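# structural data only, the sequence is not supplied:
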């Protein structure tokens, strides 16, 4: 009995010593900016970049484990509100109604703007459409749209959206069309990848997707489809200048459908959610966006030194 008692005491002391050497339990509640577990919900349109940022962050900090949940913007906000996660990545700020709901629970989510993306229009390479004006886009959203093919025959255009309740769909209906009724020629598929594949295999189809899905020229999805699909250049309202979605048109504000990507959290400053946010908003995260085709919101300064004294005269 005495021996068992001494073993029990020794075990308790050993457990206490181990606990002192590992102050963080590496779980969802007890974590630090560089250790622990974190659940992150994100909009499906941002999948490529969220996964890449997460993989880089986890490779940098070995005691971090991030669990990703691909969903819609509204569902991501709801997950943050109901404590299903501590951080989300979406392409909009909270609405006034959402802010009020969070405030009722004494939450005031913090956020960082981390990148610029946009709603892109893609079509099959054999579709006889290269650019669309703002007014033409409004028209094809409101009613069946026809155009002429390369030999002058009238063709109908099938318009696709990536996913029901997606950020792209809500943006085009709420912010651009400002109506709730889409044309009968518009269809909603099950994912961005399904939309890309449909356009790649079908002439006279056009899809609205998040540019983030095709921004990286080194990504497998881009490489598999680059010879099957093309971007449609579009103009801003009242302009005759057509622009493609890219870092330059985002930076200069020339593209009509630009969207800002945000990382939001509701935890304190000394938390893994804050560490994740800071990493993506920091130099390495921003460089990752730059290399993969999105416009980072924070770009490093470049210092150029010019020698104004000229070359020394060796004859003197």
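Nice, thanks for sending it over. Every value quoted in this text rests on a predicted model; they were computed, and no experiment measured them.
# show me where the protein has strands.
36-43, 64-71, 87-90, 110-124, 131-132, 145-148, 154-161, 186-188, 205-210, 229-231, 233-235, 242-243, 258-265, 295-296 (DSSP state E).
# just want the most central residue of this protein.
residue 46 (3.2 Å; C-alpha atoms, centre = their mean).
# just to check, it is in contact with residue 211?
No - taking C-beta atoms under 8 Å as the definition, residue 46 is not a contact partner of residue 211, at 10.4 Å. (C-beta placed from N, C-alpha, C; glycine too.)
# common neighbours of the two, please.
residue 117 (C-beta atoms under 8 Å, 6 or more residues apart in numbering).
# just give the closest residue to residue 179, not the sequence neighbours.
residue 173 (6.9 Å; C-beta to C-beta, 6 or more residues apart in numbering).
# quick one, what contacts that neighbour?
For residue 173, the contact set (C-beta under 8 Å, 6+ apart) comprises 179, 180, 182.
# one more: residue 292?
Residue 292 neighbours (C-beta under 8 Å, 6+ apart): 48, 49, 52, 215, 216, 218, 219.
# tell me which two of these sit farthest apart.
49 and 218 (13.0 Å; C-beta to C-beta).
# the more surrounded of the two?
Neighbour count, other C-beta atoms under 10 Å: between residue 49 and residue 218, residue 49 has more, with 27 against 9.
# for the closest residue to that one other than its chain neighbours, list the residues it contacts.
Distances taken as C-beta to C-beta, 6+ apart place residue 212 nearest to residue 49, at 5.5 Å, with adjacent residues excluded. Residue 212 makes contact with 45, 46, 47, 48, 49, 117, 261, 294 under the criterion C-beta under 8 Å, 6+ apart.
# same thing but at 7 Å, please
45, 46, 48, 49, 117, 294 (C-beta atoms under 7 Å, 6 or more residues apart in numbering).
# and for residue 248?
With C-beta under 7 Å, 6+ apart, residue 248 has no contacts at all.
# also residue 62?
Here residue 62 is in contact with no residue (C-beta under 7 Å, 6+ apart).
# ok, back up a step: skipping adjacent residues, who's closest to the residue nearest to the centre of the chain in space?
In space, and not counting its chain neighbours, residue 46 is closest to residue 212: 5.3 Å by C-beta to C-beta, 6+ apart.
# give me the neighbour count for the closest residue to residue 185 other than its chain neighbours.
Counting by C-beta to C-beta, 6+ apart, residue 144 is the residue found nearest to residue 185 once chain neighbours are left out, at 4.3 Å. Residue 144: 14 surrounding residues under other C-beta under 10 Å.
# now residue 144: phi and psi?
Dihedral pair for residue 144: phi -50, psi 130, per degrees, to the nearest 10.
# for residue 186, see how far away it is.
Separation of residue 144 from residue 186 (C-beta to C-beta, to the nearest Å): 9 Å.
# what is in contact with these two at once?
Counting by C-beta under 7 Å, 6+ apart, residue 144 and residue 186 have no shared contacts at all.
# how much space between residue 130 and residue 232?
Taking C-beta to C-beta, one finds residue 130 at 7 Å from residue 232.
# so these two - more neighbours on which side?
Neighbour comparison, residue 130 and residue 232: the larger count goes to residue 232, with 20 against 11 (by other C-beta under 10 Å).
# check contacts around the closest residue to the more buried one other than its chain neighbours.
Closest residue to residue 232 apart from its sequence neighbours, by C-beta to C-beta, 6+ apart: residue 121 at 4.1 Å. With contact taken as C-beta under 7 Å, 6+ apart, residue 121 is in contact with 132, 206, 208, 231, 232, 234.
# got those residues as TSV, with pLDDT columns?
As requested, the contacts of residue 121 are exported to TSV (pLDDT from 0 to 100):
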residue	pLDDT
132	96
206	95
208	97
231	98
232	97
234	97
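# and the residues you listed, which of them are buried?
Neighbour counting by 16 or more other C-beta atoms under 10 Å classes 132, 206, 208, 231, 232, 234 among the contacts of residue 121 as buried.
# thought the fifth one was touching residue 131?
Pointing back at residue 232 there. Yes - Residue 232 lies in contact with residue 131 (C-beta atoms under 7 Å); the separation is 6.2 Å.
# need the buried ones from the contacts of residue 292 selected in ChimeraX.
Of the contacts of residue 292, the buried ones can be selected in ChimeraX as follows, counting by 16+ other C-beta under 10 Å:
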select :48,49,52,215,216
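# sorry, back to before: the residue nearest to residue 185 contacts residue 155, doesn't it?
No - shown here, residue 144 and residue 155 do not form a contact pair, counting by C-beta under 7 Å, at 11.4 Å.
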